Every structure is written in structure tokens, then in C-alpha cells.
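Engineer: Prediction below, plus the sequence it came from.
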Amino acid sequence: MALASTATKQQAYELIDRMAPSQVFAVVDLLKTMLDPVANSLANAPLEDEPISEEETRAVAASKAWLENNEPISNEEVLAEFGLTAEDFERMGRTPLEPLAPER
């Protein structure tokens with residue numbers, strides 16, 4: 001069994017050596033995903049695991065209809081309404097939240 005495994009690995013190395021750099025990056029990402037149990041679970045998870053309600057279906061249809069007659073609103077515009085920049089938003093994503101104070 002070990003000999004077959006070694007021969008198969010050698011074949012894989014030879015195939016990788018023949019690939020273009022962009023192909024190697026794709027294969028490395030694939031291998032990482034295959035070896036990461038969390039990524040593997042996510043990759044194999046169903047696309048939608050909860051039923052979509054009638055209300056959600058209507059909301060999606062309304063948003064699509066709105067986009068037919070309006071320009072999309074950029075993230076920058078939405079953030080600006082809150083006095084934030086994209087940099088502020090990125091920094092907030094990297095900063096842990098303070099724990100909530102216990103209610104009295």
C-alpha cells in the first residue's frame with residue numbers, strides 16, 4: 001500500500017510541476033480545503049438549509065423591482081450616512097467588541 005501511495009504522490013508532484021502558476025495556486029487552495037474539516041463541511045453544506053418564507057420571497061422581489069428603476073446604493077454611501085468611512089468599517093471588523101455590561 002505504501003508503494004502505491006508513494007507512486008501516486010510522485011505522479012501528483014510531476015503533474016504539479018507541469019502546471020502554470022495560476023493552476024498551482026488553485027490546486028493548493030483545493031488541497032487546503034480537502035484537508036481542513038471545517039472548510040470541507042462548509043463546502044458540502046446545503047446552499048439553503050431553512051425554508052424561505054413568503055415574506056422573504058416578496059422582499060427579494062421588491063428589491064429586484066426597485067433596482068430596475070434605481071441605481072444601487074454603494075457601501076460607501078450607506079457608511080457615510082452613519083458618519084463612517086470604509087476604513088472605519090474595516091477597522092471595526094478587526095477590533096473586538098467590548099463585553100456587554102451586566103444588566104442591573
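Structural biologist: It's in.

Engineer: CA only for contacts and neighbour counts going forward, please
Structural biologist: Will do.

Engineer: In this structure, mark out all the helices, start to finish.
Structural biologist: Using DSSP state H, the helices assigned to the chain run over residues 2-17, 21-35, 37-44, 54-69, 75-81, 86-94.

Engineer: And these: which comes nearest residue 100?
Structural biologist: Closest to residue 100 of these is helix 86-94 (C-alpha to C-alpha; 16.5 Å).

Engineer: Show me which positions of the closest one end up buried.
Structural biologist: Within helix 86-94, no residue qualifies as buried by neighbour count (16 or more other C-alpha atoms under 10 Å).

Engineer: what does it rub up against?
Structural biologist: For helix 86-94, the surrounding residues in contact (C-alpha atoms under 8 Å, 6 or more residues apart in numbering) are 75, 76, 79.

Engineer: what residues are up against the first one?
Structural biologist: Contacts here follow C-alpha under 8 Å, 6+ apart; on that basis residue 75 touches residue 86.

Engineer: Apply 10 Å and report the result again.
Structural biologist: For residue 75, the contacting residues are 85, 86, by C-alpha atoms under 10 Å, 6 or more residues apart in numbering.

Engineer: now residue 39
Structural biologist: Counting by C-alpha under 10 Å, 6+ apart, residue 39 makes contact with 32, 33, 45.

Engineer: Helix or strand with the lowest mean pLDDT in the protein?
Structural biologist: Within the chain, confidence by mean pLDDT, DSSP states H and E is lowest for helix 37-44 among all helices and strands, at a mean of 82.

Engineer: Would you mind getting the angle between it and helix 21-35?
Structural biologist: Angle of helix 37-44 versus helix 21-35, following axes from the mean of the first three to the mean of the last three C-alpha atoms, to 10 degrees, is 100 degrees.

Engineer: and helix 37-44, which residues are buried?
Structural biologist: Buried residues in helix 37-44, counting neighbours by 16+ other C-alpha under 10 Å, are absent.

Engineer: now stretch 70-81
Structural biologist: Residues of stretch 70-81 classed as buried: none (neighbour count, 16+ other C-alpha under 10 Å).

Engineer: what's the straight distance from one end of that stretch to the other?
Structural biologist: From its first residue to its last, stretch 70-81 covers 18 Å (C-alpha to C-alpha, to the nearest Å).
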